[in-house]
Each structure stands twice: as structure tokens, then as C-alpha cells.
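J.: Structure of the sequence below:
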Amino acid sequence: MDPHLLRTYVTVARLASFSAAARELGYTQSAVSQHIAALEQDLGAPLLTRRPVAPTPAGERLLEHAGPLLLRLDAARADVRRSAAAPGGGLTLAVTPTALREHTAALLPHTAVTVRVLAREEIPAEVATGAVDLGIVDGVAAPSDPLRLPDVAPLTTHGIAEEPVHVVLPAGHPLARRAGLRLVDLVDARWLDAPGAGVPLDRLRAAHGGGGFRPALRYEGTDLRTLLALAAAGHGLTVLPASLAASCPTAVPLVAPRVVHRTELVHAGELRGPAAELAAALMG
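T.: Sure, this is the predicted structure:
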């Protein structure tokens, strides 16, 4: 299967338009049509309906495979280029909103650094494809257990920090005076669904081993102050690392199950230059 044809197909399916795909890819519309026809001939199945432009059942199945396949190819290309390139002077670091701490920020080089704040699920792919040099990801896990990251390419991870997690409640909440809270007591509470800023609700469900944790409000941003303001206003509970919840007087430690907020460094291939220096400092 020709990856160029596959990439064209994915673009047409995403944009639902041959002409829009041609503009994005820099091809003529007839070239895009030829790519799709060649791919359909290779696979022996129609992949797109034409009016409207939409994937057929066979095309939907192909889309399930296409993303991981193209990502692996991009990761392989980036890995080869990285191994052949001379160490550069700059550094691009991807972090989640809750992963970059004052200590970590102090270790950054003072010149030629770009810090990108991304969602947890995006960072492994950005590292694998060479879009960033290093990633710092975080999440909830059992003590000393590694985080479960998307299997996008061969990546190396190093644990760099672990700390307790706290439940952030509004003032006056009946549980706010507890010395500790159990997840089992919070299953039916009102929750903030804030995957970009707080601990995602699916991680709480996994830690609890069941359902519940229904969102009362969804926040799609990454600003922690906004998340804390929503929690303080009574829109729902959220879970944050202890260091970030310290400013909230009604943050209560989560004592059962025993989980921690874990932070890991992610990279691909051999580190050199500023990336190697930062990694050594973080793991030192």
C-alpha cells in the first residue's frame, strides 16, 4: 500500500472534499482522484462515495488503520533524520498543563527554548514525529507504576516525580472538613470534566474499577485558575496534584485507592545537546 495514496485518502475523508484535499496537499483535483482510484484498485474495494464525499464501510475500516500506519512512518522518518543530524542549539519541550512545575521550569536552558502546552494524548505522537525534542507527561497511577501512554512508536520514558493527589471541593461542601476522602464515596458526586487541566474522569473510573463520575460541566481549556474557579463556584469536583491544589483551602487528600500523580519524561532515540542536558537535570 503506497503511503502517499493513503495520506491522500485520509485527507479527502477528513475534509469530505476532493477539491479541498487538493488545495491542502498541493495537488490538482484530478491527481487526487487518480490517487483514490489507484488505492481502491489496489485494495479491491470502493473507499469513498462521491456525492456526498464520505467513507464507505470499507473506507471506515481503512481509516482505523491509516492513522497509526502514517504516524509510524512519520516517526521512522523523524528517527532517521534525528540520528543523522548534528546536535542543534535549540530545544522544543511539550508539557501538559499540570506537568510543568517551578522546579522543572528552573532547569530549562535560558536561551532558544520553546515550550508547548499540549493535551496528554498528543505529546507521545509529537515526540515520535520529531515535532518536539522532549515531552513531559503526567497522570494518575499506582505508586511507582509507569503511565500508560499511547503506543505510537518506540519511545523511552523516565519517571521524574510522584506526589499525592487532592480532591478540590467548593467551600461549604459537606466533605470539605474531612481529613481524607475515598473515591468510592465520590462516585455519584458532581464532577468537572476537564481532561486538559485536571485528572481526566476516565482515569478516576479506572482507579475506582467501575463506572460513575458523571460530569456536571465540561471544561475544554488548559488554564488551572479557570478550573479552580469553576470548582470553587460549585460546578463540580476535580482532582489535582497536591502541589497545585495547595492554594485551595478546601482541597482534601485522596486516601483510597492509593494513587499518586506521576510525571514522566518522554523522548525518542538518543538525546543530544540541550535535550540531553535537560533530561539529565530532570532525572538527577
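
J.: Tell me, how many residues neighbour Ala171?
T.: For Ala171, the tally of surrounding residues (other CB atoms under 10 Å) stands at 11. Glycine gets a C-beta too; all of them are placed from N, C-alpha and C.

J.: What separation do you get for the nearest residue to it once chain neighbours are set aside and Asp138?
T.: In space, and not counting its chain neighbours, Ala171 is closest to Thr250: 5.4 Å by CB to CB, 6 or more residues apart in numbering. Between Thr250 and Asp138 the distance, using CB to CB, to the nearest Å, works out to 23 Å.

J.: Would you mind telling me which of the two has the busier surroundings?
T.: Between Thr250 and Asp138, counting by other CB under 10 Å, Asp138 is the more crowded of the two (25 against 18).

J.: Who are the contact partners of His65?
T.: When contacts are counted by CB atoms under 8 Å, 6 or more residues apart in numbering, His65 is found next to no other residue.

J.: Quick check: which element contains it?
T.: Element membership of His65, judged by DSSP states H and E, is helix 57-84.

J.: can you give me how far the next helix or strand after that helix is from the chain middle?
T.: Sequence-wise, the next helix or strand downstream of helix 57-84 (DSSP H and E) is strand 91-95. If you compare the mean C-alpha spot of strand 91-95 with that of the full chain, they lie 14 Å apart, counting by CA atoms, centre = their mean, to the nearest Å.

J.: what lines up beside strand 91-95 in the sheet?
T.: Looking at strand 91-95 with DSSP bridges, its partner strands are strand 113-117 (parallel), strand 134-141 (parallel).

J.: now the last one: mean pLDDT?
T.: Taken as a whole, strand 134-141 has a mean pLDDT of 94.

J.: ok, then the element right after that strand?
T.: On the C-terminal side of strand 134-141, the nearest following helix or strand under DSSP H and E is strand 156-163.

J.: same question, the first one
T.: Following strand 113-117 in sequence order, the next helix or strand is helix 123-128 (DSSP H and E).

J.: Check which helices and strands that following helix sits against.
T.: helix 57-84, strand 91-95, strand 134-141, strand 260-267 (3 or more CB pairs under 8 Å, 6 or more residues apart in numbering; DSSP states H and E).

J.: Can I get these in JSON lines including distance to Ala20?
T.: Below are the helices and strands packed on helix 123-128 laid out as JSON lines (distance: least, CB to CB, whole Å):
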{"stretch": "helix 57-84", "distance to Ala20": "17"}
{"stretch": "strand 91-95", "distance to Ala20": "29"}
{"stretch": "strand 134-141", "distance to Ala20": "31"}
{"stretch": "strand 260-267", "distance to Ala20": "34"}
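
J.: Which one of these lies nearest to Glu122?
T.: Put simply, out of these the one that sits nearest Glu122 is strand 91-95, at 7.7 Å, with distance taken as CB to CB.

J.: excluding its backbone neighbours, what's nearest Pro170?
T.: Gly234 (4.3 Å).

J.: What is the burial count for the one you found?
T.: Applying the criterion other CB under 10 Å, we find 14 residues in the vicinity of Gly234.

J.: going forward, begin numbering at 34 instead of 1
T.: Taking 34 as the first residue, the last one we looked at is Gly267.

J.: mind checking pLDDT for Leu298?
T.: In the prediction, the pLDDT value recorded for Leu298 is 96.

J.: Apart from its neighbours in sequence, what residue is nearest Thr147?
T.: Nearest in space to Thr147, with sequence neighbours left out and distances taken as CB to CB, 6+ apart, is Thr125 at 4.6 Å.

J.: separation between the one you found and His300?
T.: Counting by CB to CB, the gap from Thr125 to His300 is 12 Å.

J.: list residues touching both of the two?
T.: Contact criterion CB under 8 Å, 6+ apart; residues bridging Thr125 and His300 by contacting each: 166-167.

J.: and the end-to-end length of stretch 241-261?
T.: Here the two ends of stretch 241-261 are set 23 Å apart, with distance taken as CA to CA, to the nearest Å.

J.: Tell me the buried residues in that stretch?
T.: Buried positions in stretch 241-261, judged by neighbour count with 16 or more other CB atoms under 10 Å: 241, 246, 252, 255, 257, 260-261.

J.: Grab the two from these that are most spread out in space.
T.: Greatest spatial distance among the buried residues of stretch 241-261 (CB to CB): His241 and Thr255, at 24.9 Å.
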